[in-house]
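S.K.: structure here, sequence nowhere to be found:
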């Protein structure tokens with residue numbers, strides 16, 4: 001997993017509430033076990049709407065998505081996080097997230113930032129024409145207009161995101177301890 005300390009750039013000013021994982025990535029894309037290529041199917045039904053932000057060239061490749069309340073509700077499909085990653089999204093800002101989506105986002109290196117609705121409304125307005133910055137070191141979201149919104153994050157998740165540690169990386173970080181344990185067990189219990 002790639003280490004993330006700061007995500008900055010243009011942001012999709014989406015803002016829609018109760019976006020479920022079927023909207024993020026429709027079920028007919030779930031036939032794959034590959035993470036590659038899912039970005040093209042992300043928000044397929046929304047992309048079919050005239051004037052949507054996902055087809056607007058001004059936001060193409062934006063690393064930030066500003067969403068509405070209860071983002072990622074619905075099924076537990078990890079493909080939703082894979083699709084966001086594949087389209088280049090590194091951070092999602094919303095008033096709230098589904099617990100399962102929030103966990104899947106974290107496990108896939110996406111920063112899920114919870115801010116009050118008033119802050120999200122301001123960011124939706126700013127993002128129409130200006131960049132947004134999410135900083136994990138200071139736990140802030142800022143704009144070029146001196147807006148500064150503080151957010152909270154579980155310290156374990158923050159550490160993992162900032163150091164690029166997924167579950168495999170966490171295990172590999174314990175390599176010496178695991179090897180020492182295996183050596184000790186082999187000596188103490190040779191029959192195993």
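M.R.: Yep, it's here. Note that the coordinates shown come from a computational prediction; the quantities given were computed from them, not determined experimentally.
S.K.: contact partners for the nearest residue to residue 79 once chain neighbours are set aside?
M.R.: Spatial nearest neighbour of residue 79, chain neighbours left out: residue 25 (4.9 Å); criterion: CB to CB, 6 or more residues apart in numbering. Heads up, the C-betas are built off the backbone N, CA and C, glycines and all. The contact partners of residue 25, taken as CB atoms under 8 Å, 6 or more residues apart in numbering, are 38, 41, 42, 44, 77, 79, 80, 82, 83.
S.K.: can you tell me which of those residues comes closest to residue 109?
M.R.: Closest approach between the contacts of residue 25 and residue 109, by CB to CB: residue 82, at 10.7 Å.
S.K.: other residues contacting stretch 160-170?
M.R.: With contacts defined as CB under 8 Å, 6+ apart, stretch 160-170 is touched by 1-5, 106-109, 111, 136-137, 159, 173.
S.K.: quick one on the thing from earlier: just the buried residues of the contacts of residue 25.
M.R.: Buried members of the contacts of residue 25, counted by 16 or more other CB atoms under 10 Å: 38, 41, 42, 44, 77, 79, 80, 82, 83.
S.K.: which ones among these map onto helices?
M.R.: Among the buried ones among the contacts of residue 25, DSSP state H puts 44, 79, 80, 82, 83 in helices.
S.K.: surely residue 70 meets residue 99?
M.R.: No. Look at residue 70 against residue 99 with CB atoms under 8 Å: they stay out of range, at 10.8 Å.
S.K.: among these two, which residue is more densely surrounded?
M.R.: Applying other CB atoms under 10 Å to residue 70 and residue 99 shows that residue 70 carries more neighbours, namely 17 against 11.
S.K.: nearest spatial neighbour of that one, chain-adjacent residues omitted?
M.R.: Closest residue to residue 70 apart from its sequence neighbours, by CB to CB, 6+ apart: residue 18 at 4.8 Å.
S.K.: how many other residues sit next to that neighbour?
M.R.: Applying other CB under 10 Å, we find 14 residues neighbouring residue 18.
S.K.: for residue 12, same thing?
M.R.: Counted with other CB under 10 Å, residues neighbouring residue 12 total 24.
S.K.: hmm, residue 67 is touching residue 18, no?
M.R.: No. Shown here, residue 67 and residue 18 do not form a contact pair, counting by CB under 8 Å, at 9.9 Å.
S.K.: and the gap between residue 122 and residue 140?
M.R.: Counting by CB to CB, to the nearest Å, the gap between residue 122 and residue 140 amounts to 14 Å.
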